[in-house]
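J.: when you get a sec, could you give me coordinates for this:
(3 chains)
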Amino acid sequence: MTATVEFGKDLTGLERLTAEQITAILDVAEPFKEISERQIKKVPALRGKTIVNLFYEPSTRTRVSFEFAEKRLSADTVNISRSGSSLQKGENLVDTARNLEAMRIDMVVIRHQSSGAAEFLAQRIPSNVINAGDGQHEHPTQALLDMLTIRDNLGSLAGRRVCIVGDILHSRVARSNIWGLLKLGAEVAVCGPPTLIPHGVGDLGVRVFKRVEEAIEWAEILNVLRLQLERMHAGYVPSLREYNRVFGISEARLEKAPRDILILHPGPMNRGVEIDSHVADGPHSVILDQVTNGVAVRMAVLYLLAGGSPDRAEAAKQEDRS
Amino acid sequence: MSGPRLLQGARVLDPAQRLDAVMDLLVVDGAIARLAPAIPAPENAEVIDLSGLCLSPGFVDVHVHLREPGGEHKETIESGASAAVAGGFTSVCAMPNTDPPIDDPAAVGFVLAKGERARLARVYPVGAVSVGLEGKEMTEIGELIAAGAVAVSDDGHPVWDSGLMRRALEYTQVFDIPVFSHAEDQGLSGQGVMNEGAVSTALGLRGIPNASEDVAVARDCLIAELTGGRLHICHVSTAGSAEIIRAAKARGVRVTAEVTPHHLALTDEAVRGYRTDAKMSPPLRSASDVAAVRDALVEGVIDCIATDHAPHHYEEKEREFDDAAFGVVGLETALGVSLQEMVLGGRLDLLELVDRMASKPAQIAGLPAGSLADGANADIVVFDPEERWECRADRFCSRGRNTPFKGRELVGRVVMTLVGGRTVYDRRGERADARATVKVSEDVG
Amino acid sequence: MPANKNSVVMDERAVRRAIARMAREIVERNAGTEDLILIGIHRRGVDLADLLAEEIEKGEGRDIPRGSLDITLYRDDFSAIGPRPIIGSTDIPGNIDDRSVVIVDDVCHTGRTTRAALDELADFGRPGRIYLCVLIDRGGRELPIQPDFVGRHIEVGPHEDVAVLVPREDGELAVQLRDVE
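T.: Okay, here's the model as predicted:
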């Protein structure tokens, strides 16, 4: 009766997951949504588990979302962020990992500025490692919550046309979405200034639009990425005003679309730069649903990784017969 | 001085004489006295039986980083020279990007003295092109040459100022030495840490485009053409730069080039898993680039193999990919990797491989090496072209363990190395033991 | 007497009779249907709660609020068996404070499922009274928990298992005794 989907020790990215694993996470996330609607928003599933949120980069949303997810599963959590900790004093990742391990923790949620940092850590400690964003590599839980939000609104991902708009080059959100959406059978495109489209992105199986009008013509879903202000200073785009003029998602542009387009944004938004307020707050925006789904998806990931060894899944199956 | 030594029965490979035959070789007073079939052993001669093995001029590596002075935790001249002889290299050219850099005659003298004291491979210093490797003011190149430098280079960095490159290629003509160029346009490389392409996109690592090398190689070739100076392009990694060098040579530009064993063997796929042992500059490229540099080496567009041996302390590699040091060690795997890729791959025969590893590099750096002619230094490598062995970095003589070939089976291994007729590396005992063990087990079985 | 493979110990008629009796007992014990809520434990308890509610509604002529509870996240054996890949929905109809809640499940065995259900209910409110209603009580309790309403007591041997079949999950209504290895 129970479908057995096995999970490894870690979640470092969606590139290595199967469609079945991704679907299982989204399915498990469904019942977790309800827990956040209760008056007592807490279940004891991860009671006694210790989770460290290791954030080398500043982040409010992702960290808070993970922290809610952990607390609603009754885990004990510790937050370590860069400022005011040994992370700032130049302690390297290996030493930090070893120290955490010596304190007998169960899981680490890591956000780091270097691509591959989550995998690096995962290979070196026996705890579960969950990637909360590593450099320009992956941000798997963000893509999972994006997919859950699309599924909630459109029923299924198979055959859906999703275009990711903005700074693809530096975006871990874009990469995770590309892997996840392709595995679940969606068609994926990217659109942005050519300076911010990575070389070889077509080889991943996505279409590239150089003009946002073409993307709007094609897509059913737009996932609008935040334009980091640093990119302007580094010369990738001449100015924010020009970016908005050429690539901004505005009401006027969307009105020309042949269909209603679902609007996603991983946040935090630069209103008036990559997205206009009327669009962000408009009827087709599901940006706040994303935030809600973020907690449920992270609960699902924590829950599934917390004990997900194959023999345990087998034991669970046996148990289900009685 | 030790007595004469008679090396018997090896398959002798000497590209300088176009020789590939079973011969005996007599060494007297550190030099080659005679090379002929069946030489009768002189009185007092030590006779060494090398039947079944290959013997060739010791390999010459025009591009190694020995890290001393300043980086002794990574490598010393002595440890680097011992890695060299373990890899069959009897002469190596040490790059000047040490701390302090080799940019004055005293520093050149220091490297020479350390090399001589080690009494292993011959160590030839390469002097800096610019003072402090800063790319601004030209060094006293004449003084460096007088002190013993064999070439000049700012390797590790490109000479980014085209005007300085022009002056270096002009001025070095007085001494007829080459300028070794690390050809890279750093503006195009940006903050890149690996080859730009599908793999870098998937891994989210910043890419270094092929054009970063191509642009700089083209510039250097044009300046060499302008000046008539001798240019040597280090570590060619792209199809584009091979093509540019081919065209420059066809126009008569005095340019030579090298390729590393790792660029002959590996693509950027080796980086997957964020393997910092596959991080180097220039980066591992695509499969079509690997095919192109192999072709170029076969055709002679790329003249020689050089390792760009770049040892690092393990802590400099055991970290996030972005923060890990660039570079891999190569001295002890060069023969195994090159033989496997180029000879077993059917692209070069053994004589041609020895040409690319000994004779050609000796010519480029103007070293008294790379030949078994009468009277030449008895710098000799004996190797077994069929021995299969697992690359175990923990057994390296180098202090560096940073090799992308870790755990890989290689084919072709050095058995013995002689410098000036003196044995500086010898695995014959180990091989005899191994044979004895096999024999015993066979007897038992 | 050793049971044959999958021997039927209660057929549909027997199950329906037991449900009808328990429905009467519930109404009687609760002195009516005022404040009554039936909550089935995922999965087969949900189906049984529906059958029970229909029976009560037939006799009393008023709707009985129903809910469902998935106790997966409240299990005490997480560290032993790890996460379940499928979690059902928990749906509690309105406020349960001061009301009479009947927890409905198919089988009562160790009592641990009931313990988890009690914990979970406590997170939703403070019922005035909680009853436990099970179709089969197979004994073997590991906690001080006893059902208030029982369809049938069944002795289950060491190499046997009892299975309740319900229409929504299994396409029939029956109780089987099965041999297990």
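
J.: tell me the helix or strand right after the lowest-mean-pLDDT helix or strand in chain C.
T.: None of the helices or strands of chain C scores lower by mean pLDDT, DSSP states H and E than helix C:78-81, at a mean of 61. Per DSSP states H and E, helix C:78-81 leads on to strand C:100-108 as the next helix or strand towards the C-terminus.

J.: so which elements touch that next one?
T.: Strand C:100-108 sits against strand C:36-41, helix C:44-60, helix C:112-122, strand C:129-137, strand C:160-165, with contacts defined as 3 or more Cβ pairs under 8 Å, 6 or more residues apart in numbering or on different chains; DSSP states H and E. Quick note: C-beta positions are derived from backbone N, CA and C, even for glycine.

J.: so for chain A, which of the ones you listed sits nearest?
T.: strand C:160-165 (5.9 Å; Cβ to the nearest Cβ).

J.: that closest one close to chain A?
T.: Yes - judged by Cβ under 8 Å from any Cβ of the partner chain, strand C:160-165 and chain A are in contact via C:D161, C:A163.

J.: tell me which residues are up against that strand.
T.: Identification of contacts with strand C:160-165 by Cβ atoms under 8 Å, 6 or more residues apart in numbering or on different chains yields A:321-322, C:3, C:9, C:44, C:48, C:106-107, C:135-136, C:138, C:154, C:156, C:171-180.

J.: switch to 6 Å and redo it
T.: Here strand C:160-165 makes contact (Cβ atoms under 6 Å, 6 or more residues apart in numbering or on different chains) with A:322, C:3, C:44, C:106, C:135-136, C:138, C:154, C:156, C:172, C:174-178, C:180.

J.: now do stretch B:200-210
T.: Outside stretch B:200-210, the residues touching it (Cβ under 6 Å, 6+ apart) are A:115, A:135-137, A:175, A:198-201, B:188-189, B:191-194, B:196, B:238, B:240, B:283.

J.: could you redo the last one with a cut-off of 8 Å?
T.: Against stretch B:200-210 from outside (Cβ under 8 Å, 6+ apart): A:15, A:115-116, A:134-138, A:172, A:175, A:198-201, A:203-204, B:188-197, B:238-240, B:268, B:271-272, B:274, B:281-283, B:285, B:289, B:321-322.

J.: next step: these restricted to helices.
T.: A:R172, A:R175, B:L188, B:S189, B:A239, B:G240, B:D289 (DSSP state H).

J.: please pick the buried ones from those.
T.: A:R172, A:R175, B:L188, B:S189, B:A239, B:G240, B:D289 (16 or more other Cβ atoms under 10 Å in any protein chain shown).

J.: tell me where the stretch 101-250 of chain B has helices.
T.: B:105-118, B:141-147, B:162-171, B:186-189, B:198-203, B:210-227, B:239-250 (DSSP state H, counting those that start in this stretch).

J.: looking at those helices, which is nearest to B:R401?
T.: Checking these against B:R401 by Cβ to Cβ gives helix B:105-118 as the closest, at 20.4 Å.

J.: buried residues in that closest one, which are they?
T.: For helix B:105-118, by 16+ other Cβ under 10 Å, it's B:P105, B:A107, B:V108, B:F110, B:V111, B:L112, B:K114, B:G115, B:A118.

J.: by contact count, what packs against it?
T.: Packed on helix B:105-118, when contacts are counted by 3+ Cβ pairs under 8 Å, 6+ apart, are helix B:77-86, strand B:122-127, helix B:141-147.

J.: check contacts around the residue lying closest to B:E143 once chain neighbours are set aside.
T.: Leaving out its chain neighbours, the residue that sits closest to B:E143 by Cβ to Cβ, 6 or more residues apart in numbering or on different chains is B:P105, at 4.7 Å. When contacts are counted by Cβ under 8 Å, 6+ apart, B:P105 touches B:E140, B:E143, B:L144, B:A146, B:A147.

J.: want to throw the helices of the stretch 101-250 of chain B into JSON lines with mean pLDDT?
T.: Below are the helices of the stretch 101-250 of chain B laid out as JSON lines (pLDDT from 0 to 100):
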{"stretch": "helix B:105-118", "mean pLDDT": "98"}
{"stretch": "helix B:141-147", "mean pLDDT": "97"}
{"stretch": "helix B:162-171", "mean pLDDT": "97"}
{"stretch": "helix B:186-189", "mean pLDDT": "96"}
{"stretch": "helix B:198-203", "mean pLDDT": "95"}
{"stretch": "helix B:210-227", "mean pLDDT": "98"}
{"stretch": "helix B:239-250", "mean pLDDT": "98"}
